[in-house]
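Trainee: Here's my sequence, what's the structure:
(chains A and B)
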Amino acid sequence: MKRFRHLLIAPLLLITLVTLVAAPACGGNKPPNLTPEASADFTKTRVIQSIDVIFNTAVAANAQNPPLLTTDTVRKIVLAHKAFLVILDQPNWQSKLISALTQLQNDLSSNEAAIVTPYITLALTILQGVSS
Amino acid sequence: MNAQLVTLAIEEVPELIALIKARFSKANPDEPPPSSEQVVAAYKTAMQSSLALDDQWLAAHPEDTPPAPVVEAAPEAAASTEPAPSTSGG
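Mentor: As a prediction, this is how the structure comes out:
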């Protein structure tokens, strides 16, 4: 497992860099004079982009040869991704989405989590950035 | 494994860069900021396309489909001979 963690340094460095760069800027350029609904939708669009990265990563990992994630795991992630989108239209969606992302992270095995967690962390960071 | 993980991370780079660009993109003074209607429409489009991606993937990978042929499954005698319920009336 130590060796496996070592192998993840490059992707983790990339994600850490992106997180550090992206987090402080997360809601910095929201257009002025938006209605409250449009302002919320602007934020939610950003969040959709970040959770789409999780989806795309899982599908890409499944497409590797041999697959880095099993189809069953990707199905779990896709269903979670769909649930994330449904949550976006619910009241108090920020805290619900943080819980759902954390739940997905906990539902994955250690090997699966090692691949997907950086992207979940990125989404959580962006979400916390836009929520504050 | 290492190469695969790096490849996977690299494949996501354009998307991550797009996220960063979106964060840092300054409003062009020559361009009017998007209207509320445009922002709401963009959200609905993003939502629908994401949901469509989910549905497409789920349709292409139905749960009933066996993930892989089971090679090491030993043929077990599944004949469970349960005794018929005796109606012992007494």
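Trainee: Where does pLDDT dip in chain A?
Mentor: For chain A, applying pLDDT under 70 flags the ranges A:1-28, A:131-132.
Trainee: Now the element after the lowest-mean-pLDDT helix or strand in chain B, going C-ward?
Mentor: The weakest-scoring helix or strand in chain B, judged by mean pLDDT, DSSP states H and E, is helix B:13-24 (a mean of 66). Where DSSP states H and E defines the elements, the next helix or strand beyond helix B:13-24 is helix B:36-60.
Trainee: could you say what helices and strands that next one packs with?
Mentor: helix A:36-63, helix A:71-87 (3 or more Cβ pairs under 8 Å, 6 or more residues apart in numbering or on different chains; DSSP states H and E). Bear in mind the C-beta positions are built from the backbone N, C-alpha and C, glycine included.
Trainee: show me what contacts residue A:88?
Mentor: A:44, A:47-48, A:97, B:47 (Cβ atoms under 8 Å, 6 or more residues apart in numbering or on different chains).
Trainee: For these, pick the one with the most neighbours.
Mentor: residue A:47 (25 neighbours; other Cβ atoms under 10 Å in any protein chain shown).
Trainee: Spit out the contact partners of the closest residue to that one other than its chain neighbours.
Mentor: Spatially, and ignoring its direct neighbours in sequence, residue A:47 is nearest to residue A:127 (5.8 Å; Cβ to Cβ, 6 or more residues apart in numbering or on different chains). By Cβ under 8 Å, 6+ apart, residue A:127 lies in contact with A:47, A:50, A:94, A:97-98, A:101.
Trainee: Kindly provide the distance from residue A:127 to residue A:120.
Mentor: 10 Å (Cβ to Cβ, to the nearest Å).
Trainee: what do these two both touch?
Mentor: residue A:101.
Trainee: quick one, phi psi at residue A:33?
Mentor: Listed backbone geometry of residue A:33 is phi 60, psi 30, with angles given as degrees, to the nearest 10.
Trainee: Number of residues surrounding the closest residue to it other than its chain neighbours?
Mentor: Closest residue in space to residue A:33, ignoring its immediate chain neighbours: residue B:33 at 7.1 Å, by Cβ to Cβ, 6+ apart. By other Cβ under 10 Å, the residues close to residue B:33 number 15.
Trainee: What of residue A:33?
Mentor: Neighbour tally, residue A:33, other Cβ under 10 Å: 9.
Trainee: wait, isn't it in contact with residue B:32?
Mentor: No - here residue A:33 lies out of contact with residue B:32, judged by Cβ atoms under 8 Å, at a distance of 10.2 Å.
Trainee: Distance of the nearest residue to residue B:61 once chain neighbours are set aside relative to residue A:57?
Mentor: Spatially, and ignoring its direct neighbours in sequence, residue B:61 is nearest to residue A:71 (5.6 Å; Cβ to Cβ, 6+ apart). Distance of residue A:71 to residue A:57, given as Cβ to Cβ: 15 Å.
Trainee: Between the two, point out the one with more neighbours.
Mentor: residue A:57 (26 against 16).
Trainee: Help me confirm that the more buried one comes into contact with residue A:117.
Mentor: No - in this structure residue A:57 lies outside contact range of residue A:117 using Cβ under 8 Å: 10.4 Å.
Trainee: for chain B, which spans come out with low pLDDT?
Mentor: In chain B (pLDDT under 70), the answer is B:1-2, B:4-6, B:8, B:10, B:16, B:19-30, B:65-90.
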